[in-house]
Each structure stands twice: as structure tokens, then as C-alpha cells.
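Colleague: Pasted the sequence and its predicted model underneath.
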2 protein chains.
Amino acid sequence: MEKQNYNHLTRTFQRLSRFGHLSAIAGWDMFTYMPPKGSAARGEALAELSVLQHQILTDKKIATLLQAAAQEDLNDVERANLREMTRRYQEAVLLPESLVEEKSLVGTRCEHGWRTQRPANDWQGFATNLKEVVRVSREEARLRAEAKGKSRYDALLDLYEPGMTSAKLDVLFGDLRTWLPDLLQKVVAKQSQRSMITPVGPFATGTQRELGLEIMQLLGFDFDGGRLDVSAHPFCGGVPEDVRITTRYDENDLVSSLFGVIHETGHARYEQNLPREWLGQPVAHARSTAIHESQSLFFEMQLGRSTAFLRLLLPKIIARFGAQPAFDVQNFVALNQRVERGYIRVDADEVSYPAHVVLRYEIERALIEGDIEVEDIPALWDEKMQHWLGLSTKDNYRNGCMQDIHWTDGAFGYFPSYTLGAMYAAQLFNAAKRALPQLESDVAEGNFTPLFDWLSQNIWQHGSRFTTSQLIANATGEDLNPLYFRKHLEARYL
Amino acid sequence: MEKQNYNHLTRTFQRLSRFGHLSAIAGWDMFTYMPPKGSAARGEALAELSVLQHQILTDKKIATLLQAAAQEDLNDVERANLREMTRRYQEAVLLPESLVEEKSLVGTRCEHGWRTQRPANDWQGFATNLKEVVRVSREEARLRAEAKGKSRYDALLDLYEPGMTSAKLDVLFGDLRTWLPDLLQKVVAKQSQRSMITPVGPFATGTQRELGLEIMQLLGFDFDGGRLDVSAHPFCGGVPEDVRITTRYDENDLVSSLFGVIHETGHARYEQNLPREWLGQPVAHARSTAIHESQSLFFEMQLGRSTAFLRLLLPKIIARFGAQPAFDVQNFVALNQRVERGYIRVDADEVSYPAHVVLRYEIERALIEGDIEVEDIPALWDEKMQHWLGLSTKDNYRNGCMQDIHWTDGAFGYFPSYTLGAMYAAQLFNAAKRALPQLESDVAEGNFTPLFDWLSQNIWQHGSRFTTSQLIANATGEDLNPLYFRKHLEARYL
Ligand SMILES: [Zn+2]
Ligand SMILES: [Zn+2]
């Protein structure tokens, strides 16, 4: 019997994928439409499903099937699928169910508390819960590190970007350290020489939504397989067949929602163009969080804030909201390429963003390795913010170490994805430019087909077939090279 | 160990309820927000969950636990819960998994085809699929009939209204037959003597939505535990903690959407007031489809179309849409109490509605018992429509026997619930009036608290604790008595 074990595994993963579908839609609903009294029951329902998924994935038969399937006659894609199945199984099986449950429990408590503790600047209250999360995450890291033969932090990092290590990050981020503060300084000085006119609202949110939909359409979003809705924290959710992106509207700030939509559209197009014939199998998943972020930043930063794209966008804004001094072309471009040192990561421009990431990386690694404790975070945060951005966060926990949701549920190892994504995006855009000499005039004319075809052929359609290194080397001719990111920033901002 | 088996069962049913939560929300999303390309994956995900739920419910251990729990020291509510658990188990276990799967398969195919066959008036195409559904439903009915010692049709009827039989329905509907055609004749003749002014639109759908929300608020809908959205076919879905009702808007027809909202609000308030401390257990479920419908018809027909309520409603309509001749009080009341013979069940007034139900009951019973075949339906439909309503549906399948969705997925036995619900609603409203002498002036003043308190105490808070007969007898002093429905129609329309 040919591929009998492999076929058994594909059925199991298909089943897991169907449960994952329900979890994704119920999760999307939780952040978009669910009324408050649905919260407790929804949490319980999703937790029950998680336990089931963990049980199915770690069933004793799976290990035997994986071993037997490795001896079967598989083609390249099937072999890649088996590699991803194995990775998922191994990541899941090394955690006892009690730890999975405890992680979920302390994470939910910390996240729930954070929602009110952050506005109240209540570091003590937050720290109490965070200590529990750190305790459980350290235990998780210890188990993963033992099984994988890696350091504790690397064992978590590997969950988000398989193959990435802190040794590699130290090189990449060490390089940033040598030039980024200086570049930031120069750009801020340069930009301070021109005055900028801020758009004057209000901009009706209904019209903002229509504009967002128009730009999604322009960027190739498939509305037969996805939607745009509203949530407090924008995200891209759902399933590849039905991608749900969200934004939030501020009547006084037009571009923030719009660039949020462009960002999430990048995530969405990746999902909407994963290999259809493999959907439901691990090989059809997006490659990693960093590659996912590279697609959203490709859309938002590389393409979206380019002068050609901003010039294309502006008449569409004026058509809906009328002209005003801020919508002069030069001013509009400058506005959307403005660099400012600020406290908040999610509001940061692409020049200062890596500073926010590197400081989080340094702190979370030390925390997981046991070199620092939760109590040490605020002082370290303040010190690093002073160093990178010249800003003090002393006693300002709300806009300092309490601003992000990631640590509340133990997602240590995630933050580096943002800057890795920015680097991949710059490298990919550079490769696309080389492959498509007409790119700039195409963008100016609103013809994105060649660019998106290039992305589809080089990234989207491969899902998880290749490792990240292979994927990037195939697409650009070399492994991750941070020089492209530096060159991009210098070219755009100096 | 006290109640050990019973407690084990409550945990299992709690787990089933959590999976049911995900199914309910994903199902709601399917009819409200899901884009077309999500359809196939959603169907597969929901089917996978159904199989899981069936497996959990029919696990071999359940029978042993149910028997052992029956010997344990349980209080009244626990005993009622055990009764409902047993009923659910017994209904599920007598169907082989292959039949469950086949039913889902032929039902999905028939329903999917119906969506295009109905507009195309394609009876032959529809009949081909429906025959498969009937074949599977007859097999289901045979298995259920054998296990329950009932006739085949009664064994299906019992799923929707436990304890109801076709013998009882023959008495109830036989009674209707003696007076309803005559009453209908008289009312139509009487109403033909006055001319009516139809409201002139357009009525902006956004404003219709606001009005709907205002009336839901007035009727006590809890927006912290539910929502109003849009779907092609209005329904009440979600879970008791998070009730999702829907409507559809027609710019030219203001009252149809509004009374749809009032109807679904009746369903919703029942769900929102099921016993909170028992949620997740079978005893906390709504009693039956007929009792559910009694609540929606209580809101829509007994209360909503009463002159006192219509007088309360009218100024709210005028406040949003302005005055016009159709909004004269007398005309507005007449408009919302208009009786007309028509082809379509869902558009029918409360006087002609039972005719639509009785003819479907007679046909579906004969079909399940094997007395007629699918080919016989159109002629029978035409004959019965002629008899009851004087309308021919010859060659008009679209507005005749193809108009409803129920038979497409084998929901034979459901239709009687509508008229049983209307009868229960009339009986309950009569009892409420006796208990609340001030009811009419309360309604005129918009004070619904006494009425809703009465419903909550007599119906909502009991869930499935009592049988339908007990519930109705406790609430009204007698078992179902169709005289109240007749008296209600005569009082309102003659
Ligand atoms: Zn992103
Ligand atoms: Zn109803």
C-alpha cells in the first residue's frame, strides 16, 4: 500500500484544519462583533477546542505514522508537508497538557487585567500577573530547549521563525545599532527644516471605510473570499478561503486607518494566495510570522509610502474628502514619510521602529534566560528608550513596558518578527525592482499586476514548502541581507 | 460518592454545549457575513464538528452513566436535566453515523440546488434531489419509529415538539378546518369594504435599522448579550449568552422588516432569559420549537399587532420618517391587521397562516408514511391551496411546493410548530391578560415590565425543566386549548 501512513496523516491534519477554521472565525468574531456578555462562554468554547486540537495532534499514533510516512514514496511537496507535520507534532508533544492549560489560564488572566491596568498605569498589578506568565513561559522554554538542544529563548524564537537564532539576531541587530541611531538623528534634523500641514478633519468614518475598500480593491484583495470590519486592535484573521481584516477609524486621522488597511491587505493577499490545492495541510500555511510581516510591510512601507504610490493615492482621497492645504502633493508625501521619535511601537515610522523591537528583544531574551526578573523591566525599558530614542519612560508604564499585548499571553520570541519582516520586505522589493524595470511607472499608473504576480510566484504560492532561507534565496538570490533595509531607509529618508 | 455519574454527565454535556457554541456562531456568520468563497470550507468544518458531537453524545459510556445516574440522589431540576440528557442520547444513538453523514450530504445538495432551482421554477431538478432526501428521511423515520414505538411521522414530529402526535394534530387541525375557511372569508369580505393607503417609500435602510434597534430596546432586548444584523432569511441564532437576530431591509416596505425584528426579538428574549445557572446543560434549553415560536408570535402577533401597541409604535415611525397619509392611525392599524390570501407562507397574516401549515403537514406526513411520492406533491399542493385559499399553484412551483427551505434538509415534522406556536401564544396572552388587568393601558404607555416579568416567570426561566404540557398547564391552568387562538382571531378581525 502506497503512502498509506502519509495519507492517514493528511486526513488527521485536514481534520485539525477544520477545527482551526472554527477557532479562527469564532476568534475573529470575538474581536469584531461579540457583545460583552458573550465573552466568558466564548473563552470556554475556544479553550475546549484548543484542548481537543492538542489531543488530536499529540495522539500516540501520530509519532508512529510520521516515522512510517518518512519511508514512503513521497514527492517534494509531500515531503515538505511531512516536515511541517513533524515540526508541529514535535512542538506540541513536548508540552504536557497541564502546562498548555496553565499557560492559557495565566495568559487569559494577565491579558484581561492588562486591559484596565494599562490605562490606569498600574505596573504593580500588572507585574503580579506577568510574573506568573513568565514562570510558565520559562518552564515552556526549558522543555522546548531540552527537546530541541537550543537555548531557552531560541527554543521560543523558533516557534515564530523556524531556524532563527539569537546568535543571528545579535548580528542583524548589532549591525542596526551601528548606523540606525545616526540615521534617525539625521532624518529628524532634515525633516525639522520643513513645516508640515496636518489634514483637518473630521473625516466621516463611513467615507473612510469606502476609501479603504477602494484601496483594497486596487491592491487586489478578493472580496469574494474576505471582508473588512472594525476592531479595537487591527488584525488579519479568518482562514485562507475567507480572510478577515480589520481596521479602526479616527474621525480626525485619515491616514492612520488607511495605512492600517494597506498593511492588513498585505497580510490578506498572502493568505488569499497560499496554494489552494494544499489548503488544510501544514505545507499550505504561511511560512512564518516574519515572512507574513514582510508581506504587510511590503504593502504598507515599501509600496504604500513610496512617492509613486502616494501620488496615486492622493487624488482618491481628494475625490472623497475634498481638497485642503494638507493635500498638496509635496506636503502629503512628506506627511506619510514623516519620521518622529515616539513612545509607542505601533505608531512608529519605519526608521524608528527597529529601536522598539531591539529593546524588546533584549529584555525578553534576558527574562526568559533568567538573567533578569519582571521587576527589572521598567528600569531597563527606560534606559534603552533613552539610549535609542532619547525618551524617558520613567513611571510612564502605560506608554512604556505595558503598551503591548504580546507578553501578556506569553508570546515571547514574537517581537523580532517585525524587524525581520521589514528587512525581508526591503530585500524582496529590491529584487522585484530588478525583475520589473517598469515597476515605478506601473505603480504610478495603478498597474500592480506585474508586482503582485511576482510576489505570488516568489512567495505566496509556496506556503511552507521551503524553509525561510530557501524561500528568500530563491526569490532574491541570497539569504537575508540587512543591507537592503538600510539602503531603502537611506534612499527614502536622507 | 454522591451524584458521581450525574456529575460526569454534566461535564460531558457542558463540553457538547461548548462545541455547540462554536457551531452556532460559525453558523450565524455563514448567513450574515461570510463571503461566497468561504462556503465550502465552512460546510466541511461544521460537518466535522457535527460528527464529533455525535460521537461524544453516542459514546458507549453514556448509556451506562445515564442508567447509573438515575439511581443517584438528584433534586427536581437535576432529574429534569437527566431526562433531557436521556432524550438527547436516545435520539442520537439510534441513528448510525453513516445515516447521519448521508442525511447531511443529500440535504446540503438539495438545499444548494434549491437556491437556483426555485427562482428557475425547475421542479424536475428539485424533485430529483428531494427524492434522495425523502429516501433518507424515511429510513431515519423508520429507525426512530421502531425505537420509540410510534408511527414514522410521529417519530419525527417528536424531535421538534416532544410528546406531540399526529393524532393530537388531527384533532387540533380538524377543529381549524371547521371554522377557519369561513372566518377567512368573512374577514376578507369585511376588509374589502375599506380602502387602505400604502406607505410611500423609500425608507432609508439605515433609519429602518435605527428604528428596529429602538423597538428591540423597548421590548427589553439585552444588547450586551446580543446583536441585530442582516441576512437574506431572518432568523434568531447564536447562544443564550450572545443571541444573534437578523432581519432584511426593503426600501419600499417599512413594516415588513420591523415586524420581522419584533418576531425575532420574541425568540431572543426567550434565549436571553433561559435559566443562567443551568446554561450549558440540556435542561436550560428552550422547551421546543413550538414554544419558541409561541414567544416570537406572542411578540409579533399577540402584542405587536394589537391596536394598543400599533398606536405606541406609530409616533416612533413618524419621528424617523415623517408623516404621510398612510400613517393616519386608523389606516396604520388596518394596514398591520390586513388579511389577504396569498401564495407565500412567510408573508401570510395570522388568519391565513394555519392554512399554509395544515397543507404542508398533510403532505409531509403522507410522504414520510409512504402514502404518496415526491411526484404527487405539486398536484396535492394545488388541490389544497384551492381548497383552503382559492388559489391555484399549477405549474407555479416556485411559489408553491418549492417555496420553503425546510424539506431540503429533511426537517419533516417541523411545520406544525408554527401553528402550535400561534395557539400557545394566544393561550399565553389570554392568561397574561387575566393575571395583569392593567395590561392594555401598560402597553399603551410602553410599560412592558409586568408582561415580560410574567413571561419570564411562566416560560423563559424554566427552560426544559417541565414537559410542554406541564409548562403550559402551569402557566395557563390548562393544557393546549385551541379555543384561545380562535377567540383571538375572531376578536381582532371580525
Ligand atoms: Zn502585521
Ligand atoms: Zn420564528
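Modeller: Nice, I can see it. Ligands and ions are numbered 1, 2, ... in the order given.
Colleague: Using PDB, list the CA coordinates for the lowest-mean-pLDDT helix or strand in chain A.
Modeller: When each helix and strand of chain A is scored by mean pLDDT, DSSP states H and E, helix A:97-117 comes last, with a mean of 88. This file holds the C-alpha atoms of helix A:97-117, laid out as PDB (Å, rounded to 0.1, in the frame of the first residue of the first chain):
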ATOM      1  CA  GLU A  97      -1.400  19.200  28.700                       C
ATOM      2  CA  SER A  98      -1.300  20.600  32.200                       C
ATOM      3  CA  LEU A  99       1.200  23.200  31.100                       C
ATOM      4  CA  VAL A 100      -0.900  24.100  28.000                       C
ATOM      5  CA  GLU A 101      -3.800  24.600  30.300                       C
ATOM      6  CA  GLU A 102      -1.900  26.600  32.800                       C
ATOM      7  CA  LYS A 103      -0.400  28.800  30.100                       C
ATOM      8  CA  SER A 104      -3.900  29.500  28.700                       C
ATOM      9  CA  LEU A 105      -5.100  30.300  32.200                       C
ATOM     10  CA  VAL A 106      -2.400  32.700  33.400                       C
ATOM     11  CA  GLY A 107      -2.300  34.300  29.900                       C
ATOM     12  CA  THR A 108      -6.000  35.000  29.900                       C
ATOM     13  CA  ARG A 109      -5.800  36.400  33.400                       C
ATOM     14  CA  CYS A 110      -2.800  38.700  32.600                       C
ATOM     15  CA  GLU A 111      -4.400  39.900  29.300                       C
ATOM     16  CA  HIS A 112      -7.700  40.500  31.000                       C
ATOM     17  CA  GLY A 113      -6.100  42.500  33.800                       C
ATOM     18  CA  TRP A 114      -3.900  44.400  31.300                       C
ATOM     19  CA  ARG A 115      -6.900  45.900  29.600                       C
ATOM     20  CA  THR A 116      -7.700  48.000  32.700                       C
ATOM     21  CA  GLN A 117      -4.200  48.100  34.300                       C
END
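Colleague: Going by neighbour count, list what's buried in that helix.
Modeller: Under the neighbour-count criterion of 16 or more other CB atoms under 10 Å in any protein chain shown, helix A:97-117 has A:V100, A:E102, A:K103, A:S104, A:V106, A:G107, A:R109, A:C110, A:E111, A:G113, A:W114, A:Q117 buried. Bear in mind the C-beta positions are built from the backbone N, C-alpha and C, glycine included.
Colleague: Name the nearest residue to the third one, sequence neighbours excluded.
Modeller: It refers to A:K103. Spatial nearest neighbour of A:K103, excluding adjacent residues (CB to CB, 6 or more residues apart in numbering or on different chains): A:V136 at 5.1 Å.
Colleague: ditto for the last one
Modeller: With CB to CB, 6+ apart as the measure, A:F126 is the residue that lies nearest to A:Q117, at 4.4 Å, once sequence neighbours are left out.
Colleague: Against A:A120, how distant is that neighbour?
Modeller: According to CB to CB, to the nearest Å, A:F126 stands 9 Å off from A:A120.
Colleague: These two: which has the busier surroundings?
Modeller: The neighbour comparison of A:F126 against A:A120 (other CB atoms under 10 Å in any protein chain shown) goes to A:F126, with 24 against 12.
Colleague: Near chain B, which residues of the stretch 101-250 of chain A are found?
Modeller: Proximity of the stretch 101-250 of chain A to chain B (CB under 8 Å from any CB of the partner chain) is limited to residues A:D222, A:F223, A:D224, A:G225, A:G226, A:R227, A:D229, A:G238, A:V239, A:E241, A:D242.
Colleague: Just the ones in helices from those, please.
Modeller: Among those, no member is found in helices (DSSP state H).
Colleague: what about burial for these, which qualify?
Modeller: Buried among those by 16+ other CB under 10 Å: A:G225, A:G226, A:R227, A:D229, A:G238, A:V239, A:E241, A:D242.
Colleague: So of the residues you listed, which two are at opposite extremes in space?
Modeller: Spatial extent of those (CB to CB) is set by the pair A:D229 and A:E241 at 16.9 Å.
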